[in-house]
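A.B. asks: Take a look and give me a structure for this.
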Amino acid sequence: MQNFTANTEPEQAVEPEATAPRSVAPGSADTPSALDCAPGAIATATAPAAHAVTPAAHASPVVYTASTEPDSFTGAIFAIEGIADAAVVLNGPTGCKFYHSAISDTQFPRAVDYDPLSFSERCFFGQPRVPATYLDGDDYIFGSAPKLEEVLEVVDSKGYSLIAVINSPGAALIGDDLDRLLGDSVSSTRHLSIESTGFSGDYGSGFQTAINKVIDLLDLPETEVRPKSVNLLGINLDQKYYDNNYYTLRELLALCEIEVITAFGATDTLDKITLARQAALNVVVCPETGLDTARKLYSDWGTPYIVAESGQPIGFEAIVAFVTQITEALGADASGAHETVDKARARAYLQLSRYSSLLGLPKGAFYSIRAAASIAYPLARWLSSYLGMIPAAIEILSGEDGGFSERLRAYMASLQLEDVLSRPVATTPTQVVFADGDTIATCKLMGLQTCGIEIGFPSLNYLDITRKQLYGPEGTLFLLEQVMNGLRYV
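C.D. replies: Predicted coordinates for the structure are as follows:
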């Protein structure tokens, strides 16, 4: 199909952006204080030698951080649990339930307390989300039907608009007729089943398998399209501050008089999702969890889609490109959003000028990233091109990323630093790590003197009460605040 395209070059910044740093050979005598990088107004002083951290090139011990990467099973559960009035019934052993219930409830709480007696039915096990059929050895031989019928009766009494039964990988081998059991037990409630989410598949494939099943179940009729309206695809429960990211994009596009109809699996109700066909354009915010759905909706409904050309809207350049691309596709005016970004740039410039004149940072400091390619690409560009920081190690999570892993590789090659993509984050010396909480904890365990900034899950369980986000101008200022405060103590 012919996608909309837009010039992704940002408008003139309030302050000149810093140039990218030149290459530093791992283990060389060069330190950040000797680098000819980021000579712009935001960072006029070089980093003092006391802050130098040179990534080591020696062999590192094996660290099994890959186990923290969510799979298709988790993706499918979070897709349904991200719908406000939907519930997952997990057909599997109790051990498969606890993490998914905890994250679903933390990210999108529906209960007002943690009192286990509020969820005393044994399928809930004291947790408010993701009831399970607690399968054991006999069930794998004689079938899960009796337990599944029992759990469906309990869940149906809660008044959900949609119930989805999802098999654990082991339960998928039993061969129970889930659709028949659902039809017999919850015939008056919308329902669907996912026999298998795909063995060892990536998170995005499972997420989109579930979202696409919901879309097929709703079978939305053709309707009048609202001009200057969009659906946002790919925002999901496994993203840090996902709900505020969604709210931020709604605010930003509202400044351009663009209406957001819905975001599948990002807190909207089923009724809200039924309006999705009214959108004039589908915007793939995160290709790892939204590109396949965009293709499906183009095939089924004819709704055109665009993929955010500069990656997820993190960093001023990517935000401007994101807004410009959408407004050009819909014929809208981007000036309101651009003005908001410029104000944030000015605020960042003031703080950076004072900070850099005192400490010589963040220019020349090293950073590492472990994230999806559509996050790592704009984040690395912002850190290197805007702040003058130097990549030490970058790990990309699996999934169809819309070509962002290759764009990231090309960008690193332009800095003559392509080898950072082959270094492990957990054992490479650095000053700032952008990753999930488990990876940050592993870095500390391995003895790295580093500042950790969470951008994914699993989390270190910091209680976020005030509004935080990664997207938009305020999200960029939040990340800048984290970097500047973190570097003071590394």
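A.B. asks: quick one: the most far-flung residue of the chain relative to its centre and residue 180, what's the gap?
C.D. replies: In the chain, counting by Cα atoms, centre = their mean, residue 142 sits farthest out from the average C-alpha position, at 39.8 Å. According to Cβ to Cβ, to the nearest Å, residue 142 stands 17 Å off from residue 180. Every residue, glycine included, has its C-beta placed from N, CA and C.
A.B. asks: now this protein, which segments are flagged as low pLDDT?
C.D. replies: In the predicted model, the chain carries pLDDT under 70 at residues 1-67, 116.
A.B. asks: Quick check, central residue of it?
C.D. replies: The chain has residue 239 as the residue nearest its centroid, 3.5 Å off, counting by Cα atoms, centre = their mean.
A.B. asks: how about the nearest residue to it, chain neighbours excluded?
C.D. replies: residue 245 (6.4 Å; Cβ to Cβ, 6 or more residues apart in numbering).
A.B. asks: what's near enough to touch that neighbour?
C.D. replies: For residue 245, the contact set (Cβ atoms under 8 Å, 6 or more residues apart in numbering) comprises 235, 239, 469-472, 475.
A.B. asks: my read: residue 455 touches residue 375, true?
C.D. replies: Yes - applying Cβ atoms under 8 Å as the test, residue 455 and residue 375 come out as touching, 6.7 Å apart.
A.B. asks: Need the residues touching each of those two.
C.D. replies: Counting by Cβ under 8 Å, 6+ apart, the contacts common to residue 455 and residue 375 are residue 470.
A.B. asks: any idea how far residue 381 is from residue 412?
C.D. replies: Residue 412 is 10 Å from residue 381, by Cβ to Cβ.
A.B. asks: swap in residue 179?
C.D. replies: Taking Cβ to Cβ, one finds residue 179 at 47 Å from residue 381.
A.B. asks: Please apply the same query to residue 393.
C.D. replies: Using Cβ to Cβ, one gets 17 Å for the distance from residue 393 to residue 381.
A.B. asks: now swap in residue 421 and tell me
C.D. replies: Relative to residue 381, and taking Cβ to Cβ, residue 421 is found at 14 Å.
A.B. asks: out of the two, which sits in the busier spot?
C.D. replies: Of the pair residue 421 and residue 381, residue 381 is the one with more neighbours under other Cβ atoms under 10 Å, namely 20 against 17.
A.B. asks: isn't the more buried one right next to residue 318, touching?
C.D. replies: Yes - judged on Cβ under 8 Å, residue 381 makes contact with residue 318 at a distance of 7.3 Å.
A.B. asks: got any residues that touch both of these two?
C.D. replies: In contact with both residue 381 and residue 318: residue 310, using Cβ under 8 Å, 6+ apart.
A.B. asks: where exactly do the strands run in the stretch 51-200 of the chain?
C.D. replies: 86-91, 162-167, 190-194 (DSSP state E, counting those that start in this stretch).
A.B. asks: And the second one, how far out from the chain middle?
C.D. replies: When you say that, I think you mean strand 162-167. Chain-centre distance of strand 162-167: 23 Å, with Cα atoms, centre = their mean, to the nearest Å.
A.B. asks: picking that back up, now do the same contact list for the residue nearest to the centre of the chain.
C.D. replies: 245, 286, 456, 470.
A.B. asks: Mind listing the residues bridging to it?
C.D. replies: residue 456 (DSSP bridges).
A.B. asks: gap between it and residue 372?
C.D. replies: 9 Å.
A.B. asks: Pull up the overlap in contacts between the two.
C.D. replies: Contact criterion Cβ under 8 Å, 6+ apart; residues shared by residue 239 and residue 372: residue 286.
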